[in-house]
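Asker: Have a look at this fold, sequence not included:
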């Protein structure tokens, strides 16, 4: 059940809660494509040091194509997972009769994977695809590190350290904030599947972590880059000296 907190009173007048979540998922899922693009770029930057000719990149291009198709497919499945007013009434009456009056509140939505299998398709399909792409990014990161180690003696120390720092920064920017996304969504999926009522409040409150992942990503980007750290340090001392 979604109590309309994703739209609020003002925006809830112009867009339904379900439509708002669909648009949010569409935009949010592009982060997977962005992350894979960065790993492919970093991998190719290292691979072409000793291989000036261009490879066909069939696997990389295929993965990038499907990751850019992924947001549209996921949002389409989520859009179709909505329940009719009659189904919502039956679900609430059977499971949460004390919440029936919420049906009259703008922005209130109910989802049930048993009444509408599209929700199962959305959850299982999205998590399975993310799992595959995450491991592929892990492979690209490890292989990039191996390639850099092989060509280390052919590079100037500053060039090698630049590639190495860029790879470490990329991994930290994706892994650390990614925990703030994966853990709350896994918790919500667990609550939906098992019906663990005692964990519903925790699952709802964990959405704060999802909302803070972009802030965490920016902090990690700054702290993992020596140039950014130096600029922030200089500005800090300039302001508070």
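Answerer: Perfect, I can see it now. Everything numeric here is computed off the predicted structure, so don't read it as measured data.

Asker: Any idea which helix or strand in this structure has the lowest mean pLDDT?
Answerer: The weakest-scoring helix or strand in the chain, judged by mean pLDDT, DSSP states H and E, is helix 8-11 (a mean of 59).

Asker: Longest helix in this protein, please.
Answerer: The single longest helix within the chain, with elements called by DSSP state H, is helix 157-194.

Asker: helices and strands around whatever helix or strand comes next after that one, which ones?
Answerer: Next helix or strand after helix 157-194 toward the C-terminus (DSSP states H and E): helix 200-205. With contacts defined as 3 or more C-beta pairs under 8 Å, 6 or more residues apart in numbering; DSSP states H and E, helix 200-205 has these neighbours: helix 157-194. (Glycine included, C-beta is placed from N, CA and C.)

Asker: which secondary structure elements does the helix it packs on contact?
Answerer: By 3+ C-beta pairs under 8 Å, 6+ apart, helix 157-194 packs against helix 30-47, helix 118-150, helix 200-205, helix 207-211, helix 213-223.

Asker: So which of these is the most surrounded?
Answerer: Most buried of the helices and strands packed on helix 157-194, by mean neighbour count (mean count of other C-beta atoms under 10 Å): helix 30-47, with a mean of 18.

Asker: Pull the residues that contact that helix.
Answerer: For helix 30-47, the surrounding residues in contact (C-beta atoms under 8 Å, 6 or more residues apart in numbering) are 55, 57, 60, 63-64, 67-68, 70-71, 130, 133, 136-137, 140-141, 143-144, 147-148, 151, 163, 166-167, 170, 174.

Asker: Identify the residues contacting the very next helix or strand once past that helix?
Answerer: Next along the chain after helix 30-47, taking DSSP H and E as the criterion, comes helix 58-79. Helix 58-79 has contacts (C-beta under 8 Å, 6+ apart) with 18-19, 21-23, 25-30, 32-33, 36-37, 40, 43-44, 118-119, 121-122, 125-126, 129, 133, 136.

Asker: can you do 6 Å?
Answerer: Under the contact criterion C-beta atoms under 6 Å, 6 or more residues apart in numbering, helix 58-79 has outside partners 22, 25-26, 29-30, 32-33, 36, 40, 118, 121-122, 126, 129, 133.
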